[in-house]
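Engineer: build me a model:
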Amino acid sequence: MAKKDKKTAALEKAARKEAKKNKQAEKANKGATKKSKRELAAAGEEDIEVLLNRMDNDPKTRELEGQKKVRTEVLEAPPSPRLNMSMTVTNSGDVLVFGGE
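Structural biologist: Take a look at the predicted model:
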């Protein structure tokens, strides 16, 4: 029976160590987020999470979401050939031509 007690004690000790490591990692992560929030506040910017929450709770945003409509058009024939093109000169003297058929 003594062996079982040693095994359970070892398992409990390992579980405590793992919990301690997790707690330290959470604490370090929390400190990093606080530091980044302070830096943003010093630069005059707002936290992105605060902005997203404000947008979610804004009645204008909800109103616009209700107005969204999806419109699909099915073309019966392929489009006609296009004559428009764009010519771009690069610094190395090359001419790039985009478009046209």
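Engineer: let me see the ranges of the strands in this structure.
Structural biologist: Ranges of strands in the chain, per DSSP state E, are 85-89, 95-99.
Engineer: tell me what angle the first one forms with strand 95-99.
Structural biologist: Inter-element angle recorded for strand 85-89 and strand 95-99: 160 degrees (by axes from the mean of the first three to the mean of the last three CA atoms, to 10 degrees).
Engineer: now strand 85-89 - C-alpha only, CSV.
Structural biologist: Only the C-alpha atoms of strand 85-89 are listed here, as CSV (Å, rounded to 0.1, in the frame of the first residue of the first chain):
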residue,chain,number,x,y,z
MET,A,85,-5.5,48.5,-71.1
SER,A,86,-3.0,50.0,-68.6
MET,A,87,0.6,50.7,-69.5
THR,A,88,3.0,51.2,-66.6
VAL,A,89,6.7,52.2,-66.9
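Engineer: list the helices and strands it packs on?
Structural biologist: strand 95-99 (3 or more CB pairs under 8 Å, 6 or more residues apart in numbering; DSSP states H and E). (Each C-beta comes from the backbone N, C-alpha and C, glycine too.)
Engineer: any stretches of this structure with poor pLDDT?
Structural biologist: Low-confidence segments of the chain (pLDDT under 70): 1-4, 100-101.
Engineer: tell me where it has helices.
Structural biologist: 2-43, 48-57, 59-67 (DSSP state H).
Engineer: between the first one and helix 48-57, how many degrees?
Structural biologist: The directions of helix 2-43 and helix 48-57 differ by 80 degrees, with the same axes, to 10 degrees as the criterion.
Engineer: and the gap between residue 24 and residue 30?
Structural biologist: According to CB to CB, to the nearest Å, residue 24 stands 11 Å off from residue 30.
Engineer: what of residue 16?
Structural biologist: Residue 16 is 21 Å from residue 30, by CB to CB.
Engineer: list the contacts of residue 58.
Structural biologist: Not one residue lies near residue 58 by CB atoms under 8 Å, 6 or more residues apart in numbering.
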